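> Sequence and predicted structure below; questions after.
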Amino acid sequence: MMYRGFGYGYGGGGLGMLLFGVLVFIAVVLLVVWLVRMASGHHAPGGAVPPSQPAGHDEAVAIAKRRLASGEITAEQYGEIIRTLGA
């Protein structure tokens, strides 16, 4: 009489363990890639391109508008500031 416990007699136990190990390895690799991308700032959905204007651009335009409105600068100076900022 032979003993047939759980997991014996199917003939694929080793193959199943191998496939499970490969899946765990792939999951770990994907997790590491995701963590590296999050840490480096590449976490925009769909690989979106970051804005081309530097931070503070809107504030600089607002300051130029206020200075124009208060008479501190002329319209020509305002136009030059806007061209320089690339707005």
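That came through fine. Residues are numbered from 1 along each chain as shown.

> Can you list the low-confidence ranges for this protein?
Residue ranges of the chain with pLDDT under 70: 1-13, 41-55, 87.

> Mind splitting it into its structural domains?
Using automatic domain parsing, the domain parsing of the chain gives 10-44, 53-87.

> Is Leu18 inside a helix or a strand, and which specific one?
In this assignment (DSSP states H and E), Leu18 forms part of helix 13-40.

> Contacts for stretch 64-72 next, please.
Contacting residues not belonging to stretch 64-72 are listed as 73-75, 77-78, 81-82, 85 [CB atoms under 8 Å, 6 or more residues apart in numbering]. C-betas here are computed from N, CA, C, even on glycine.

> picking up where we left off before, output the helix or strand just after the helix holding Leu18 as PDB, nothing but the C-alphas.
Per DSSP H and E, the first helix or strand lying C-terminal to helix 13-40 is helix 57-70. Extracted C-alpha coordinates of helix 57-70, given in PDB (Å, rounded to 0.1, in the frame of the first residue of the first chain):
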ATOM      1  CA  HIS A  57       6.700  82.000 -14.400                       C
ATOM      2  CA  ASP A  58       3.100  82.900 -13.700                       C
ATOM      3  CA  GLU A  59       4.200  84.900 -10.700                       C
ATOM      4  CA  ALA A  60       6.700  86.800 -12.700                       C
ATOM      5  CA  VAL A  61       4.000  87.700 -15.300                       C
ATOM      6  CA  ALA A  62       1.700  88.800 -12.500                       C
ATOM      7  CA  ILE A  63       4.400  91.000 -11.000                       C
ATOM      8  CA  ALA A  64       5.000  92.600 -14.500                       C
ATOM      9  CA  LYS A  65       1.300  93.200 -14.900                       C
ATOM     10  CA  ARG A  66       1.100  94.900 -11.500                       C
ATOM     11  CA  ARG A  67       4.100  97.100 -12.300                       C
ATOM     12  CA  LEU A  68       2.500  98.100 -15.600                       C
ATOM     13  CA  ALA A  69      -0.800  98.800 -14.000                       C
ATOM     14  CA  SER A  70       0.800 101.000 -11.200                       C
END
